[in-house]
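**Student:** pasted the sequence and its predicted model underneath.
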Amino acid sequence: MHPAEIEATIEAAIEDCEATVTTPRSVDQNFEDAHFAAVVVSPAFAGKRLVAQHQLVYDALGEAMTTDIHAIELQTYTPEAYAEHGDD
């Protein structure tokens with residue numbers, strides 16, 4: 001699964017979401033055994049604990065988490081928190 005596909009999947013499932021997905025280490029051309037990193041910003045995270053925020057992203061990715069994505073590191077923010085902290 002390509003980073004752009006993961007971004008589109010997350011953005012389609014979470015309200016007013018903006019996702020940026022990268023591959024923090026080298027991967028082969030087919031993204032086999034790929035480790036991804038995602039920064040996801042959405043007002044849907046407001047008032048939710050970190051675990052619940054991450055669960056929203058995992059739910060958005062659905063079965064891809066068991067079939068196409070080997071590992072994903074998540075950073076989730078509300079728009080306000082992202083503006084304050086950026087991508088620290």
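**Tutor:** Thanks, I have it.
**Student:** from now on I want contacts and neighbour counts done on CA atoms only, so please keep to that.
**Tutor:** Noted.
**Student:** just the strands in this protein please.
**Tutor:** 18-22, 35-41, 71-77 (DSSP state E).
**Student:** count of neighbours near the closest residue to residue 16 other than its chain neighbours?
**Tutor:** In space, not counting the residues next to it along the chain, residue 16 is nearest to residue 42; the distance is 5.7 Å by C-alpha to C-alpha, 6 or more residues apart in numbering. Close neighbours of residue 42, defined as other C-alpha atoms under 10 Å, add up to 21.
**Student:** of all residues in the protein, which one is nearest the centre?
**Tutor:** Against the mean C-alpha coordinate of the chain, by C-alpha atoms, centre = their mean, the closest residue is residue 38 at 3.9 Å.
**Student:** how close does the closest residue to that one other than its chain neighbours sit to residue 8?
**Tutor:** Counting by C-alpha to C-alpha, 6+ apart, residue 38 lies nearest to residue 21, which is 4.3 Å off, once chain neighbours are set aside. In this view, residue 21 and residue 8 are 10 Å apart by C-alpha to C-alpha, to the nearest Å.
**Student:** circling back to that earlier point, who does the residue nearest to the centre of the chain form a beta bridge with?
**Tutor:** residue 21, residue 74 (DSSP bridges).
**Student:** quick one: pLDDT of it?
**Tutor:** The model reports residue 38 with a pLDDT of 96.
**Student:** got any ranges where this protein has weak pLDDT?
**Tutor:** Applying pLDDT under 70 to the chain flags the ranges 25-33, 86-88.
**Student:** quick check: buried residues in stretch 78-88?
**Tutor:** 78, 79, 82 (16 or more other C-alpha atoms under 10 Å).
**Student:** which of these fall in helices?
**Tutor:** 79, 82 (DSSP state H).
**Student:** for the buried residues of stretch 78-88, give me a markdown table that also has distance to residue 1.
**Tutor:** Shown next, in a markdown table, are these (distance: C-alpha to C-alpha, whole Å):
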| residue | distance to residue 1 |
| --- | --- |
| 78 | 26 |
| 79 | 27 |
| 82 | 26 |
